[in-house]
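Q: Requesting a structural model of the entry that follows:
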Amino acid sequence: MHVISRRAIARFIFSCLVGIGYTANAQESNLLDPVTVSDVDVSGDAVHFSFIENRVVSTLEANAGLWDIRFEGTSIYVNGEAQLLDRTFDYIARAPESGYKEDDIANGPAVPAASGSGWFDYDPTTHIVSVIPDRTIVVHTLNDTYAKLEILSYYLGGVEQSGVPRNYTFRYVYQPDGSRNLR
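A: Below you'll find the predicted structure:
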């Protein structure tokens, strides 16, 4: 008996969806230029984002698997595999060959969600979530492409003192051709 993994099924579905035009916007700009996305409000339900589309996707699209990264509070999930690197975003020219993890119910998200071990520090005295400098998330997507992502802020307007958390500002580079080049 041959067992097909959840990942293999997801890749098949994603490749079918890509074949019917999901990648149409990929040719419209130079996707190797860093893109900054500001104030993605995750104060309600989880928010799903597509690198290739450079936008938050609808619930219908998210349910169809047309997303790359999901924000939920301080937790970040991926539709594929990811790893958190202790390196500056601009320094990373190529995605690593190995070391990726999938989100896992037993072991948690591929991107650690704990203060100090993930992308942020939490100060219980001030209740401030601060981005840890020089932490970059590299994503290996279900359609066999790569992206690197840096969280710039967790507060509205990019200002911790605003007091309005759960508003992600981040930048990313998406490589649509399947190579590991991220510059």
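Q: From what I see, residue 75 and residue 113 are in contact.
A: Yes: Residue 75 lies in contact with residue 113 (Cβ atoms under 8 Å); the separation is 4.3 Å. The way it works is simple: take the backbone N, C-alpha and C, and place the C-beta from them, glycine included.
Q: what about the strands in this structure?
A: Ranges of strands in the chain, per DSSP state E, are 35-41, 47-50, 55-56, 69-72, 75-78, 80-85, 120-123, 128-131, 136-141, 146-155, 165-175.
Q: what's the neighbour count on residue 109?
A: 18 (other Cβ atoms under 10 Å).
Q: let me redo that: residue 92
A: As a burial measure, residue 92 scores 17 neighbours (other Cβ under 10 Å).
Q: Surely it touches residue 138?
A: Yes: contact criterion Cβ under 8 Å: residue 92 and residue 138 qualify, at 6.9 Å.
Q: okay, and the common contacts of the two?
A: Listed as contacting both residue 92 and residue 138 by Cβ atoms under 8 Å, 6 or more residues apart in numbering are 85, 148, 182.
Q: and these as JSON lines, adding distance to residue 120 and neighbour count?
A: Putting these into JSON lines (distance: Cβ to Cβ, whole Å; neighbours: other Cβ atoms under 10 Å) gives the following:
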{"residue": "85", "distance to residue 120": "15", "neighbour count": "18"}
{"residue": "148", "distance to residue 120": "17", "neighbour count": "25"}
{"residue": "182", "distance to residue 120": "22", "neighbour count": "20"}
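Q: Nearest to residue 55 among those residues?
A: For the shared contacts of residue 92 and residue 138, the residue nearest residue 55 by Cβ to Cβ is residue 148; the value is 18.3 Å.
Q: need the contact list for the closest one.
A: With Cβ under 8 Å, 6+ apart, residue 148 has these contacts: 89, 92, 95, 136-139, 172-173, 182.
Q: now it: how far from residue 170?
A: Residue 148 sits 11 Å away from residue 170, going by Cβ to Cβ, to the nearest Å.
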